[in-house]
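# let's see this in three dimensions:
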Amino acid sequence: MAKTGTNYETWSGLTGTVSTSVSGLSDLSALTFSTTTMTPFTDFSQLIEDFNSVLTDLRTYTESDVTHMNQAAENKVTDDSNQASAGSGSSSRF
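Numbering: from 1, shown residues only. Just a heads-up that it's a prediction; the model follows:
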């Protein structure tokens, strides 16, 4: 019979990789243009601020999501263990 259940080490390894990848994304450095007032160039500053804000939101979301996903895996491992214990104690269900 094939082994079933949740392998927590594999699960947390995958979520850890996601967390590390996202937390490793760096903010863009601000650009300043002191000799031009042309809109395409001056808009870069606002776009960079917006990008960095979204990146911060992504990091926060990912951190929370990884925590919830790992908790779900822990719960599943506990449930699997409880089911295995309950099933092995009885030789007959009827």
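
# read off the pLDDT value for residue 5.
If you check residue 5, the pLDDT there is 75.

# so it, which state does it fall into?
Taking DSSP: H, G, I helix; E, B strand; the rest coil as the rule, one finds residue 5 in the coil state.

# ditto for residue 32
Counting by three-state DSSP, the backbone at residue 32 sits in coil.

# which residue, other than its chain neighbours, is closest to it?
With CB to CB, 6 or more residues apart in numbering as the criterion, residue 32 has its nearest non-adjacent residue at 7.2 Å, and that residue is residue 45. For glycine as for every other residue, the C-beta is placed from the backbone atoms N, C-alpha and C.

# now do residue 49
Counting by CB to CB, 6+ apart, residue 30 is the residue found nearest to residue 49 once chain neighbours are left out, at 7.6 Å.

# quick one, helices of this structure?
With DSSP state H as the definition, the chain shows helices at residue ranges 8-23, 39-88.

# mean pLDDT lowest where, among those?
helix 39-88 (a mean of 91).

# what packs against that helix?
Using 3 or more CB pairs under 8 Å, 6 or more residues apart in numbering; DSSP states H and E as the contact criterion, the secondary-structure elements in contact with helix 39-88 are helix 8-23.

# in the helix it packs on, which residues are buried?
For helix 8-23, the neighbour count (16 or more other CB atoms under 10 Å) marks 11, 12, 15, 19, 22 as buried.

# so who does the last one touch?
Contacts were defined as CB atoms under 8 Å, 6 or more residues apart in numbering; by that measure residue 22 touches 58, 59, 62.

# perfect, that will be all.
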